[in-house]
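>>> how would this look folded up:
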Amino acid sequence: MKEEFKPYIPADKVTSEMTPASIIIGIILAVVFGAANAYLGLKVGLTVSASIPAAVISMTVIRIIMKKDSILESNMVQTIGSAGESLAAGAIFTMPALFIWAKEGVMDKPSLITITVIALFGGLLGVFFMVPLRSALIVKEHGVLPYPEGTACAEVLLAGEKGGSSAKSVFIGMALGAVVKFITDGLGLVKSAFTFKLSSLKTEFSSEIYPALVSVGYICGLKISAYMFAGGILGWFVLIPAIVTFGTDIVIYPASVSVAELYATGGASAIWSSFIKYIGAGAVAAAGIISLIKTFPTIVKAFSASLKGVSKSNKNKTSTLRTDIDLDIRFVLISIAVLIIMIWLIPAIPVTVAGAILVVIFGFFFSAVSSRMVGLVGSSNNPVSGMTIATVLIAAFCLKLTGDIGAHGMQGAIAIGSLICIAACMAGDTSQDLKTGYILGATPKKQQIGEIMGTVAAALAIGGVMILLDSAFGFGTDKLAAPQATMMKMIIEGVMSGNLPWALILIGAFIAIVIELLGVPALPVAIGLYLPLELSVPIMAGGLIKFVVEKINGKQNDDSGKGILFCSGLIAGEGIIGVVLAILTVTGITDVIDLSSKIPSNNITAIILLLLICGVVYFAAANNKKNASSGKAKNGKK
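Numbering: from 1, shown residues only. Below is the predicted model of the structure:
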């Protein structure tokens, strides 16, 4: 007979969870990590989990500063705080397309209300869709679905309960990331990137020096980093030289001049922006669909198992234990119905009744799939991008068939894609947090309320952050490529008007198919092909650092080492200063503090700073490994 699971805090024990301190700290972290991940995602198309950094920060504040002994209070902080990162990921993967269309004169720029309402409704739908699934996925399948991030977060909080704390690594990383970002992009004392032209190959080698990019590589590891770097090499050292060499006097759409003239005036970067980004977009779209197809059997099983589990749970639901109490299902169903009606009726959301129906169907389907998939393979391998591509394609075709074309139809397709993408991201995050709470003995209803609070806080902030970043740097530019959103834009344009360089897009699609046939996951390679090489190089450096550290000091099995936490801090610090600099840029203050004209910088100083950043990341990670190794030897534990 299966032994009944007993949480760390027994169900019959009542302890502090949702307190003013946990709510305030959680909301602050939701906004901070939401803004930081929005900046990172718009730059490189990747976001990082905020649960563990939020957990260690909450432990520091609640246990050490406030002298309170309440693990469930710390858990509430990370529950609320991590909602910001997930909502930001869903929002920045889709909605920047509206800003890019506005710059092209296709439509008006989206208002703060539009962005906020779409983000809020999508986030709330994701949380509400997960409520009836909790018993089936978290309770009934405990031991079957590992929920790696949720379990790791519980381990971090339990370690803190026993006296350990690694929050210092996060705070030091935040400070360093902020300082480097301010020195490079604020004061202009050091170039943010270095470039070497390779005339014989008709291309260039370049790299940005930002700590966040090195940190992304460290967190992703060598394999994923190498895949992205391989995509960069394919684009900049194979395709660009081939286009320049063989297409000298040819005018290739969408360019209006010959390849030779384009290269003479803008160099390899002009070739990339005119041709390679379309090839990359085709590769990313194909890779996303391939990932969805590969996981489709699992998706079908996940959805059917979730529905069966819900029906069984509802039949057997007689427990009144604190750890079994969810939000009232009547409240949840009424809330979902009200949200769908508001999506249809509110003018700020350009969605018709057909679009609202699509949101219900695909929203619940992909939320259920996302909740189960993250339990199986973790958030990093959850095919949300593939789900969103499929949704946008179907939405665009449906809207075109109903005659809803032009700017309104394009807006509607992005709105539907945004709502569903955000809902799927939030459902995955909610399930991870509920897993953490299940292990620790939290009250599900309070955690679900915490998720709602985090969603509201992040939604109120994300609109301002996106408008600010677009005003300061511009989406779809070298500073903020917004890769997923640009790809969604291309897909919708292709369906609605067909006015796209289809030859380039199909070349990219078949490149992705070839890569997949070789047994290599196509999506990270495709992202590397789509992004400028200068982003892939520091990411590769971070992956190499992790490889060297683990080779010398042994592999660490959890996600709570000082290396991971330090890198999370670097990302958060840089993201926060990125938002601050956006404010200073809009207000004109950056022109005053910029010293680049008075103190000229060059490639050498940029290379030295990048090497110093890599050295600091290595030291932080290697120092942790040594401590971990000595601790294991000392305690005689695994």
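
>>> mind listing what's buried in the helix or strand where Asn75 lies?
Taking DSSP states H and E as the definition, Asn75 sits inside helix 71-92. Of the residues in helix 71-92, 71-92 count as buried by neighbour count, 16 or more other C-beta atoms under 10 Å. Quick note: C-beta positions are derived from backbone N, CA and C, even for glycine.

>>> Where does the prediction get shaky in the stretch 501-638 of the chain?
For the stretch 501-638 of the chain, the stretches with pLDDT under 70 are 555-561, 624-638.

>>> and what of the stretch 201-350 of the chain?
295, 298-299, 301-319.

>>> how about the helices of it, start to end?
Listed in chain order, the helices of the stretch 201-350 of the chain (DSSP state H, counting those that start in this stretch) span 211-220, 222-234, 240-246, 259-271, 277-294, 296-316, 329-345.

>>> burial of Ser471, as a residue count?
When neighbours are counted by other C-beta atoms under 10 Å, Ser471 registers 14.

>>> Quick one, grab the pLDDT at it.
The model reports Ser471 with a pLDDT of 90.

>>> Number the chain from 613, please
OK, 613 is where the count begins now, so the last one is Ser1083.

>>> Can you say which helix or strand has it in it?
Element membership for Ser1083 (DSSP H and E) is helix 1056-1084.

>>> If we go by neighbour counts, what in that helix is buried?
Neighbour-count burial for helix 1056-1084 flags 1056-1082, 1084 (criterion: 16+ other C-beta under 10 Å).

>>> same thing with stretch 755-763?
So stretch 755-763, judged by 16+ other C-beta under 10 Å, has buried residues 757-763.

>>> what's the answer for stretch 1147-1166, then?
Quick answer for stretch 1147-1166 (16+ other C-beta under 10 Å): 1147-1159, 1161-1162, 1165.

>>> Narrow these to those in helices?
The helices, defined by DSSP state H, take in 1147-1159, 1161-1162, 1165 from the buried residues of stretch 1147-1166.

>>> Next one: Ser811 from Phe977, what distance?
According to C-beta to C-beta, to the nearest Å, Ser811 stands 53 Å off from Phe977.

>>> quick one, which of the two is more surrounded?
Under the neighbour definition other C-beta under 10 Å, Ser811 and Phe977 were set side by side, and Phe977 has more, 18 against 8.

>>> Show the backbone phi and psi for that one.
phi -60, psi -50 (degrees, to the nearest 10).

>>> quick revisit: compare the helices of the stretch 813-962 of the chain and give me the one nearest Leu1130.
helix 834-846 (11.1 Å; C-beta to C-beta).

>>> so where do the strands sit in the chain?
Taking DSSP state E as the criterion, the chain carries its strands at 805-810, 815-820.

>>> wait, which of the ones you listed is closest to Gly657?
strand 815-820 (14.3 Å).

>>> any idea how far the closest one is from the chain center?
25 Å (C-alpha atoms, centre = their mean, to the nearest Å).

>>> and if you look at stretch 968-980?
21 Å.

>>> That stretch: which residues count as buried?
Neighbour-count burial for stretch 968-980 flags 968, 970-972, 974-980 (criterion: 16+ other C-beta under 10 Å).

>>> In JSON lines: those residues, plus pLDDT.
JSON lines is the format used below for the buried residues of stretch 968-980 (pLDDT from 0 to 100):
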{"residue": "Ala968", "pLDDT": "88"}
{"residue": "Leu970", "pLDDT": "86"}
{"residue": "Val971", "pLDDT": "90"}
{"residue": "Val972", "pLDDT": "87"}
{"residue": "Phe974", "pLDDT": "86"}
{"residue": "Gly975", "pLDDT": "88"}
{"residue": "Phe976", "pLDDT": "86"}
{"residue": "Phe977", "pLDDT": "84"}
{"residue": "Phe978", "pLDDT": "83"}
{"residue": "Ser979", "pLDDT": "86"}
{"residue": "Ala980", "pLDDT": "81"}
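
>>> Against Ile831, how distant is the spatially most central residue of the chain?
For the chain, Thr659 is the residue whose C-alpha lies nearest the centre (C-alpha atoms, centre = their mean; 2.8 Å). The gap separating Thr659 from Ile831 is 11 Å, by C-beta to C-beta.

>>> repeat for Val768
From Val768 across to Ile831, the span is 15 Å (C-beta to C-beta).

>>> who's more crowded, the two?
Each of Val768 and Ile831 has its neighbours counted (other C-beta under 10 Å); Val768 has more, 27 against 24.

>>> looking at it, the more buried one is touching Ile669, isn't it?
No - the criterion here is C-beta atoms under 8 Å, and Val768 misses it with Ile669 at 11.0 Å.

>>> so what's the residue nearest to the centre of the chain up against?
Going by C-beta atoms under 8 Å, 6 or more residues apart in numbering, Thr659 touches 649, 652-653, 697, 700-701.

>>> quick check, nearest of these to Phe1178?
Leu652 (15.7 Å).

>>> Quick check: the closest one touching Gly1187?
Yes - with contacts counted by C-beta under 8 Å, Leu652 reaches Gly1187, the gap being 5.6 Å.

>>> Now list whatever residues contact both of these two.
Residues touching both Leu652 and Gly1187 by C-beta under 8 Å, 6+ apart: Ala824.

>>> From the chain's centroid, how far away is the top helix by length along the chain?
Counting residues, the longest helix found in the chain (DSSP H) is helix 1018-1052. What separates the centre of helix 1018-1052 from the centre of its chain is 12 Å, taken as C-alpha atoms, centre = their mean.

>>> same check, this time on stretch 953-963
26 Å.

>>> Could you work out the end-to-end span of that stretch for me?
Start-to-end span of stretch 953-963 (C-alpha to C-alpha, to the nearest Å) is 11 Å.

>>> repeat for stretch 1199-1216
With C-alpha to C-alpha as the measure, stretch 1199-1216 spans 32 Å from end to end.

>>> Can you mark which positions in that stretch are buried?
Going by neighbour count (16+ other C-beta under 10 Å), the buried part of stretch 1199-1216 is 1202, 1206, 1213.

>>> is it possible to export the residues you listed to TSV including distance to Val963?
Compiled in TSV, the buried residues of stretch 1199-1216 are given as follows (distance: C-beta to C-beta, whole Å):
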residue	distance to Val963
Thr1202	38
Asp1206	43
Ser1213	48
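
>>> with the residues you listed in mind, which one is nearest to Ala1036?
Closest approach between the buried residues of stretch 1199-1216 and Ala1036, by C-beta to C-beta: Thr1202, at 36.6 Å.

>>> The closest one: what's it in contact with?
Contacts of Thr1202 by C-beta under 8 Å, 6+ apart are 798, 1193, 1196.

>>> One more: Ala882?
Here Ala882 is in contact with 874-875 (C-beta under 8 Å, 6+ apart).

>>> any idea how far it lies from Met630?
Here the criterion is C-beta to C-beta. By it, Ala882 lies 55 Å from Met630.

>>> Same question for Glu1186.
According to C-beta to C-beta, Glu1186 and Met630 sit 31 Å apart.

>>> Pick out whichever of the two has more residues nearby.
Applying other C-beta under 10 Å to Glu1186 and Met630 shows that Glu1186 carries more neighbours, namely 29 against 21.

>>> picking that back up, nearest to Ser868 among the contacts of Thr1202?
Closest to Ser868, out of all of the contacts of Thr1202 and judged by C-beta to C-beta, is Leu1193, at 34.3 Å.

>>> need the contact list for that closest one.
Leu1193 touches 793-794, 797-798, 1084, 1202, counting by C-beta under 8 Å, 6+ apart.

>>> farthest-separated two in these?
Between any two of the contacts of Leu1193, the greatest separation by C-beta to C-beta is 14.6 Å, found for Phe794 and Ala1084.

>>> Give me the nearest residue to Trp848, chain neighbours excluded.
Excluding its sequence neighbours, the residue lying closest to Trp848 (C-beta to C-beta, 6 or more residues apart in numbering) is Leu1145, at 4.4 Å.

>>> I figured that neighbour hits Glu820, correct?
No - judged on C-beta under 8 Å, Leu1145 makes no contact with Glu820 at a distance of 9.8 Å.
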